[in-house]
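J.: Sequence and predicted structure below; questions after.
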Amino acid sequence: MNEYILLIGGWTLYFALHSVLAMDSVKSKFPPRVFRLFYVLISTGGLLGLLFYNGSINSLKYFVSDGPIRYVSLMLTTLGVMIIQSSFRQYSFKGFVGLGEEKKELRTDGVLQFVRHPILAGLILVTIGFFFFIPNLPTLISCACILLYIPIGIFLEEKKLIAIYGDQYLDYKKRVPAIVPEKLFQKATKN
């Protein structure tokens, strides 16, 4: 039981640190490139540490994840990774990790014409695929923590984007959904 409390505490600390480090008041105290690289290293290291800890907790599986369920988990994860990868076509990957300049203009093309937060949309699919791949209590806790934080992350990110882009972002927000690509579903149902 203590390992589950520690896992929940780890995710809570991870997301709290993630949110604090994303604040402009914290970012402004450091050179942008140095901060961004530090931020990515902390985020990646924390995520890998939590996933490693998740995997080290022994727990019975809720169901057998072989056969069709394994394929579903791999398909969801692959689709999520593809969406995340397509997101980086809209952003500068070097800028994102702190090795180059970040683009300053509001991008609304590519995958961003369907959803405002494609990285998070992909993360949701990866998270669900992760649970189907390892359907046990530690993975369920980790996935629940991730999925519960996503709306908070969206709120905090959009607050920042509205402050930067103002009415331009508000208009974009009215036209394009946050996570679920409604335009794709509308096209599919019309055919």
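T.: Sure thing, it's come through.

J.: longest helix anywhere in this structure?
T.: Taking DSSP state H as the criterion, the chain has its longest helix at helix 137-165.

J.: the inter-axis angle of whichever helix or strand comes after that helix versus helix 137-165?
T.: Later in the chain than helix 137-165, the nearest helix or strand by DSSP states H and E is helix 167-175. Computed by axes from the mean of the first three to the mean of the last three C-alpha atoms, to 10 degrees, the angle separating helix 167-175 from helix 137-165 equals 130 degrees.

J.: What degree of burial does residue 144 show, as a neighbour count?
T.: The number of residues packed near residue 144 is 14, by other C-beta atoms under 10 Å. C-beta here means a position set from N, CA and C on the backbone, and glycine is covered the same way.

J.: With residue 70 instead?
T.: 13.

J.: That one and residue 130, how far apart?
T.: 12 Å (C-beta to C-beta, to the nearest Å).

J.: picking that back up, packing partners for the longest helix of the chain?
T.: Identification of packing neighbours for helix 137-165 by 3 or more C-beta pairs under 8 Å, 6 or more residues apart in numbering; DSSP states H and E yields helix 2-21, helix 32-56, helix 118-133, helix 167-175.

J.: just these: most buried one?
T.: Among the helices and strands packed on helix 137-165, helix 118-133 has the highest mean neighbour count (mean count of other C-beta atoms under 10 Å), at a mean of 20.

J.: Output the contacting helices and strands for that helix.
T.: helix 68-87, helix 137-165.

J.: now the angle from the first one to helix 118-133?
T.: It stands for helix 68-87. Here helix 68-87 runs at 160 degrees with respect to helix 118-133, directions being taken by the same axes, to 10 degrees.

J.: In helix 68-87, which residues are buried?
T.: The neighbour-count check on helix 68-87 (16 or more other C-beta atoms under 10 Å) flags 73, 76, 77, 80, 83, 84, 86, 87 as buried.

J.: ok, the second one touching residue 131?
T.: When you say that, I think you mean residue 76. No. Taking C-beta atoms under 8 Å as the definition, residue 76 is not a contact partner of residue 131, at 9.4 Å.

J.: just to revisit the earlier point, nearest to residue 91 among the helices and strands packed on helix 137-165 would be which one?
T.: Ranking those by proximity to residue 91 (C-beta to C-beta) places helix 118-133 first, at 8.8 Å.

J.: Contacts for that closest one, please.
T.: Here helix 118-133 makes contact (C-beta atoms under 8 Å, 6 or more residues apart in numbering) with 65, 69-70, 72-84, 86-87, 90, 111-112, 115, 139-140, 142-143, 146-147, 150, 153-154, 178-181.
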